[in-house]
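Q: Sequence first, then the predicted structure:
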Amino acid sequence: GAGVSQTPSNKVTEKGKYVELRCDPISGHTALYWYRQSLGQGPEFLIYFQGTGAADDSGLPNDRFFAVRPEGSVSTLKIQRTERGDSAVYLCASSLGNRAGTGELFFGEGSRLTVL
Amino acid sequence: AQSVTQLDSQVPVFEEAPVELRCNYSSSVSVYLFWYVQYPNQGLQLLLKYLSGSTLVESINGFEAEFNKSQTSFHLRKPSVHISDTAEYFCAVRGYNTDKLIFGTGTRLQVFP
């Protein structure tokens, strides 16, 4: 597609349930990022992929959060045993991945997760 | 590690007035600097960036920002705002030695007629 696509756009779940959020990056972009944005806050870094591998996962808040990118394109963010504090908009972004280049990240519109 | 501080959470301004949105950063290494904008019900999009060279950078819709290394600032300015500039503006920083982009908490610019 022309831009970064995220599904679902909205997800409502109950506390304790498992959730998967999907990101389809721009074709040809080797770098993929996940951010979390809570109300009134800026995007908070979670994890960054270069190709299939997680180059930096230092932002994942705990071991309930996990992300994969098995073929170097689509990525899935997985949240186990969801808690009310996980409610936020989860943003995905992709880029050409050239550290010395423009550095521009292209963002999707986000997946809004609500944990009841 | 890098960090970003946006001192103003909200900036109300009348149409055609000038505006400045402040951004300060902290880093132990050289940095790239960015401003992203989020219009209502839309995703984040790049407004302008400083990578190297001229410290004054401009966007296509009249915004400009100046990299000031001594003051570790990258303030965003526009001499005359429009209603359509109403949005959330995020300053972001990336160190030369990392691929991680760190965002500030954002400034909501509200332009009134």
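A: Noted; the coordinates are in hand.
Q: Helix or strand: which one has the residue positioned nearest the centre of chain B?
A: Of all residues in chain B, the one closest to the mean position by Cα atoms, centre = their mean is residue B:35, 3.6 Å from it. In the assignment (DSSP states H and E), residue B:35 maps to strand B:31-38.
Q: strands paired with that strand, and their directions?
A: strand B:45-50 (antiparallel), strand B:87-95 (antiparallel) (DSSP bridges).
Q: Just say which of those is most tucked in.
A: Comparing the strands paired with strand B:31-38 by mean neighbour count (mean count of other Cβ atoms under 10 Å in any protein chain shown), strand B:87-95 ranks first with a mean of 23. Every C-beta, even on glycine, is put in place using the N, C-alpha and C of the backbone.
Q: ok so, going back, as JSON lines, the strands paired with strand B:31-38 with mean pLDDT would be great.
A: Output for the strands paired with strand B:31-38, formatted as JSON lines (pLDDT from 0 to 100):
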{"stretch": "strand B:45-50", "mean pLDDT": "92"}
{"stretch": "strand B:87-95", "mean pLDDT": "94"}
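Q: Distance to residue A:61 added to the ones you listed, as CSV?
A: Shown next, in CSV, are the strands paired with strand B:31-38 (distance: least, Cβ to Cβ, whole Å):
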stretch, distance to residue A:61
strand B:45-50, 26
strand B:87-95, 20
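Q: what sits opposite the residue nearest to the centre of chain B in the beta ladder?
A: Bridge pairing for residue B:35 - DSSP bridges - gives residue B:48, residue B:91.
Q: can I assume it is in contact with residue B:90?
A: Yes. At 7.1 Å, residue B:35 and residue B:90 qualify as touching, with contact defined as Cβ atoms under 8 Å.
Q: Next up, the contacts around residue B:14.
A: B:111, B:112, B:113 (Cβ atoms under 8 Å, 6 or more residues apart in numbering or on different chains).
Q: repeat that with 7 Å
A: residue B:112 (Cβ atoms under 7 Å, 6 or more residues apart in numbering or on different chains).
Q: Next: the one 5 residues further on.
A: By Cβ under 7 Å, 6+ apart, the contact list for residue B:19 reads B:11, B:13, B:77, B:78, B:81, B:109.
Q: And the buried ones among the residues you listed, selectable in PyMOL?
A: Selection of buried members from the contacts of residue B:19 for PyMOL, criterion 16 or more other Cβ atoms under 10 Å in any protein chain shown:
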select buried, chain B and resi 11+13+78+81+109
